[in-house]
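Novice: model this:
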Amino acid sequence: MRGLDYKWIEALNAVVTQGGFERAAEELFISQSAISQRVKQLEKFLAQPVLIREQPPKPTPVGKKLIGLYQRIRLLEHELIPELMNDDVSRPVQLALATNADSLATWLLPALKEVMTQRQVELNLAIYGESRSIEKLKSGEVAGAISLESQPITGCRADYLGRMDYVCVASPDFVQRYFQQGVNYQTLSKAPAVSYDQYDDLHRKFLADHFNIARDSVINHNVGSSEAFVRLAVSGIAYCLIPKLQIERELTSGELVDITPGFLLSNRIYWHHWQLETGILQEISQAIVSYAQAHLPQ
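Specialist: The predicted structure follows:
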């Protein structure tokens, strides 16, 4: 029985990553009709669609799995072929990793610094909420993911990294305007706050669990940037839950004030990655785990 032709999957991957058939053809130096034919042959072989033909094209669930398989094979080739051919010169290996915004804004880049400066690697650090990143690993869209989930998916392992401790902070001016009577149900109900996006339930959990306040009943801005959280808090626009690691300088200088002293909201985070790793991906996993365990609260 004839197996998968990886030229078919290469065409599918090019269509998705380049955002269309024309640009995929330019990427692979073949005609647009050849790209289309290869994708159709793949779908005929599998007897199901692998591509949602919209603009831009998106892979089906089966297509995502095939792209994940193709990317893993490319990674293995990148590690093996130079060794077989005694060739030290090769193109950078491209890797996609899923991270939450707070890790990226604090400890992740220092953890990856040596690998990124010493090795031929091109990283795509895609930002997802901690509860969503594991889905990207399942679909094969990324080679590793930072997640709140402690249980690994099949074929992967989950290494504990440490805690991300969040403190609830505001500027002194904001405290004077909203919290002169303390931080309680009445004052929090009137004070504007910030969440990362509609998937961020950290602030919702904080209000509901500790003050019995529904998030929908208060002003809650969505700002998709960890750095913007700090700027919003310092400028007195809103109060925020921010990783303590990110605002140690602002707390020390008094630009930000801990409005719930002694209270921390903590997330235990894990690095999910393939069990059988070699070369650059193994180095990345080792760098992430060792740095996080050395610098994050355990």
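Novice: so the closest residue in space to L161 that isn't next to it in sequence versus Q151, what's the distance?
Specialist: Nearest non-adjacent residue to L161, counting by C-beta to C-beta, 6 or more residues apart in numbering: A292, 3.8 Å away. Any C-beta I mention is one placed from the backbone N, CA and C, and that applies to glycine too. Using C-beta to C-beta, to the nearest Å, A292 is found at 19 Å from Q151.
Novice: and those two? Which one has more around it.
Specialist: A292 (24 against 10; other C-beta atoms under 10 Å).
Novice: got the buried residues for the helix or strand harbouring that one?
Specialist: Using DSSP states H and E, A292 maps to helix 279-295. For helix 279-295, a neighbour-count test (16 or more other C-beta atoms under 10 Å) marks G279, I280, L281, E283, I284, S285, A287, I288, V289, Y291, A292 as buried.
Novice: okay, who's weakest in the residues you listed by pLDDT?
Specialist: Of all those, G279 carries the smallest pLDDT score, 79.
Novice: can you show me the strands along this protein?
Specialist: 51-52, 58-59, 93-99, 121-127, 144-147, 156-170, 193-195, 220-222, 240-243, 257-258, 265-274 (DSSP state E).
Novice: of all those, which gets the most neighbours per residue?
Specialist: strand 144-147 (a mean of 26; mean count of other C-beta atoms under 10 Å).
Novice: paired strands for that one, with orientation please.
Specialist: Its sheet considered, strand 144-147 pairs with strand 93-99 (parallel), strand 265-274 (antiparallel) by DSSP bridges.
Novice: how far off strand 121-127 does the shortest one point, in degrees?
Specialist: Using axes from the mean of the first three to the mean of the last three C-alpha atoms, to 10 degrees, the interaxial angle of strand 93-99 with respect to strand 121-127 works out to 20 degrees.
Novice: quick one: closest of the strands paired with strand 144-147 to G254.
Specialist: Of all the strands paired with strand 144-147, strand 265-274 sits nearest to G254, with 22.1 Å by C-beta to C-beta.
Novice: what about the closest one, average pLDDT?
Specialist: Averaged over strand 265-274, pLDDT sits at 93.
Novice: now A34: closest residue in space that isn't a chain neighbour?
Specialist: Nearest one to A34, counting by C-beta to C-beta, 6+ apart, is A25 at 7.1 Å.
Novice: and the one you found, how many neighbours?
Specialist: 20.
Novice: quick check: it touching R38?
Specialist: No. The criterion here is C-beta atoms under 8 Å, and A25 misses it with R38 at 10.4 Å.
Novice: where do the helices sit along the chain?
Specialist: For the chain, helices defined by DSSP state H occupy the ranges 6-18, 21-28, 32-46, 61-85, 101-106, 108-118, 133-138, 172-178, 185-188, 202-211, 226-234, 248-253, 279-295.
Novice: so can I have a markdown table of those helices showing distance to A126?
Specialist: A markdown table is the format used below for those (distance: least, C-beta to C-beta, whole Å):
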| stretch | distance to A126 |
| --- | --- |
| helix 6-18 | 13 |
| helix 21-28 | 20 |
| helix 32-46 | 24 |
| helix 61-85 | 13 |
| helix 101-106 | 10 |
| helix 108-118 | 12 |
| helix 133-138 | 7 |
| helix 172-178 | 33 |
| helix 185-188 | 33 |
| helix 202-211 | 20 |
| helix 226-234 | 15 |
| helix 248-253 | 27 |
| helix 279-295 | 14 |
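Novice: nearest to Y166, out of those helices?
Specialist: Closest among the helices of the chain, using C-beta to C-beta: helix 202-211, at 6.7 Å.
Novice: where does pLDDT dip in this protein?
Specialist: Scanning the chain for pLDDT under 70 picks out the ranges 1-2, 78-91, 130-131, 215.
Novice: can you list the domain ranges for it.
Specialist: 6-63, 83-162+268-295, 164-267 (the TED database).
Novice: of all those, which one is nearest R72?
Specialist: domain 83-162+268-295 (7.5 Å).
Novice: surely I288 touches W271?
Specialist: Yes. I288 lies in contact with W271 (C-beta under 8 Å); the separation is 5.3 Å.
Novice: give me the nearest residue to Y185, chain neighbours excluded.
Specialist: Using C-beta to C-beta, 6+ apart and skipping the chain neighbours, the partner closest in space to Y185 is F211 (5.3 Å).
Novice: tally of neighbours for that neighbour?
Specialist: Around F211 there are 15 residues (other C-beta under 10 Å).
Novice: swap in Q48?
Specialist: Using other C-beta under 10 Å, Q48 is surrounded by 12 other residues.
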